[in-house]
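Asker: What follows is a predicted structure for the sequence shown.
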Amino acid sequence: MADVFDRVKNIIVERLDVDESKVTEAASFKDDLEADSLDVVELVMELEDEFDMEISDEEAEKINTVGDAVNYINSTQ
Amino acid sequence: MLNGKAALVTGASRGIGKAIALELAKQGANVVVNYAGSKDKAEAVVDEIKQLGQEAVAVQANVSSADEVKALIKETIDQFGSVDILVNNAGITRDNLLMRMKEEEFDDVIETNLKGVYNCIKGVTRQMMKQRAGKIINVASIVGVTGNPGQTNYVAAKAGVIGMTKSVAKELATRHINVNAVAPGFIATDMTDELSDEAKQQMYDLIPLGRLGDPEDVAKVVRFLASSDADYLTGQTLHVDGGMVM
């Protein structure tokens, strides 16, 4: 199985239609990947499905960068 | 028109909700008939829909409870694989003059008629966003536009629903989810049957089209809003009131 970062990256590339090279751990969804707030909500939904987990609204609000998402997922696996 | 669409209608065991459930089924939708207390009546609606050749199931849930709504929506998706149409119809009245209205009477109506709509919309949004399609229709009331003495709680809730319709329509428009409301006027029900001829005449004088509405008058407009004919309509409140409020 691909590692968490790659799986997250694939979802982001597909959902936000951005170039793979822009998806780094430091990339901010809103500032660097041109996601609006609804896009981020949808991304979190897809991550929940991909990793078969539930991310609470409180935790979801703290996810601002790709690294935040990866770290959160790693912390629960 | 709605062939194979999955519809969830809240408060569908009688009155306007029942008419909506039947109308959607006539157009080919499969329907979850939600009810709070009237199980037998809900089952009767389910039987009627099955006779029309569509699938239907009665599911109990009080819309004011977020947990019960979650279960209701899960049941809908388990049954039909999607939620294409949500009709927020469930509502109660606890009429009283403001000076006499108890806090509990105010809260009960807001919890069911306003928060219930929020619960149900929030509950279906995840599925509809994934589908990139969905129709949400809220049953408001003309008194939510005009006000009505003795119904401070009900009017506040219905006006709230009209505002919520606009906000959610804006939030979800990019995901091709249409959110609209209908505002019924005087609709013939058991309640209006009992009015005196004089009271009825006074009512007719307010209605340019000169008659009370039927639940089916409302149901047909909801059916239109639920169909692809209304794809370019969102955030609107259609007055189904015989021209009473323009």
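Answerer: Nice, I can see it. Numbers count the residues shown, from 1 in each chain, chains lettered A, B, ... in the order given.
Asker: Distance check, A:E54 against A:V44.
Answerer: A:E54 is 10 Å from A:V44, where distance means Cβ to Cβ, to the nearest Å. In this view, the C-beta of every residue, glycine as well, is placed from N, C-alpha and C.
Asker: Have a look at the two and say which one is more surrounded.
Answerer: Higher neighbour count among A:E54 and A:V44: A:V44, with 18 against 9, using other Cβ atoms under 10 Å in any protein chain shown.
Asker: Tell me the secondary structure at the closest residue to that one other than its chain neighbours.
Answerer: Closest residue in space to A:V44, ignoring its immediate chain neighbours: A:A60 at 4.8 Å, by Cβ to Cβ, 6 or more residues apart in numbering or on different chains. At A:A60 the chain is in helix, as set by DSSP: H, G, I helix; E, B strand; the rest coil.
Asker: Now do stretch B:141-159: everything it contacts.
Answerer: Residues from elsewhere that reach stretch B:141-159 (Cβ atoms under 8 Å, 6 or more residues apart in numbering or on different chains): B:91, B:93-98, B:101, B:105-106, B:108-110, B:112-114, B:140, B:160-162, B:183-185, B:237, B:239, B:241, B:244-245.
Asker: Show the buried residues in the residues you listed.
Answerer: Listed as buried from the contacts of stretch B:141-159 are B:91, B:93-94, B:101, B:105-106, B:108-110, B:112-114, B:140, B:160-162, B:183-185, B:237, B:239, B:241, B:244; burial here means 16 or more other Cβ atoms under 10 Å in any protein chain shown.
Asker: name the element B:L22 belongs to?
Answerer: helix B:15-26 (DSSP states H and E).
Asker: what comes up buried for the helix or strand just after that helix?
Answerer: Scanning forward in sequence from helix B:15-26 by DSSP H and E, the next helix or strand is strand B:30-35. Judged by neighbour count (16+ other Cβ under 10 Å), strand B:30-35 contains these buried residues: B:N30, B:V31, B:V32, B:V33, B:N34, B:Y35.
Asker: Report the distance from the helix or strand in which B:N178 is found to the chain centre.
Answerer: Assessed by DSSP H and E, B:N178 sits inside strand B:177-184. Its chain's average C-alpha position is 9 Å from that of strand B:177-184, according to Cα atoms, centre = their mean, to the nearest Å.
Asker: List the buried residues in that strand.
Answerer: Here strand B:177-184 shows B:I177, B:N178, B:V179, B:N180, B:A181, B:V182, B:A183, B:P184 as buried, counting by 16+ other Cβ under 10 Å.
Asker: Please name the nearest non-neighbouring residue to the third one.
Answerer: Ranked by Cβ to Cβ, 6+ apart and with sequence neighbours excluded, the top spatial neighbour of B:V179 is B:A169, at 4.0 Å.
Asker: Next up, phi/psi of the one you found, please.
Answerer: With angles defined as degrees, to the nearest 10, B:A169 sits at phi -60, psi -40.
Asker: Do I have it right that it meets B:L225?
Answerer: No: using Cβ atoms under 8 Å, B:A169 is not in contact with B:L225, being 11.7 Å away.
Asker: Kindly export stretch B:201-218 (C-alpha atoms) in PDB.
Answerer: Extracted C-alpha coordinates of stretch B:201-218, given in PDB (Å, rounded to 0.1, in the frame of the first residue of the first chain):
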ATOM      1  CA  GLN B 201     -66.000  33.700   3.100                       C
ATOM      2  CA  GLN B 202     -63.600  36.100   4.800                       C
ATOM      3  CA  MET B 203     -60.700  33.800   3.800                       C
ATOM      4  CA  TYR B 204     -61.900  33.600   0.200                       C
ATOM      5  CA  ASP B 205     -62.000  37.400   0.000                       C
ATOM      6  CA  LEU B 206     -58.300  37.500   0.600                       C
ATOM      7  CA  ILE B 207     -57.500  35.000  -2.100                       C
ATOM      8  CA  PRO B 208     -57.600  36.400  -5.700                       C
ATOM      9  CA  LEU B 209     -58.100  32.900  -7.100                       C
ATOM     10  CA  GLY B 210     -61.100  32.600  -4.900                       C
ATOM     11  CA  ARG B 211     -60.600  29.200  -3.300                       C
ATOM     12  CA  LEU B 212     -58.600  27.400  -0.700                       C
ATOM     13  CA  GLY B 213     -55.600  25.400  -2.000                       C
ATOM     14  CA  ASP B 214     -55.500  21.600  -2.000                       C
ATOM     15  CA  PRO B 215     -52.500  19.700  -0.600                       C
ATOM     16  CA  GLU B 216     -52.000  18.600  -4.300                       C
ATOM     17  CA  ASP B 217     -51.600  22.300  -5.400                       C
ATOM     18  CA  VAL B 218     -48.500  22.400  -3.200                       C
END
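Asker: Alright, that wraps it up for me.
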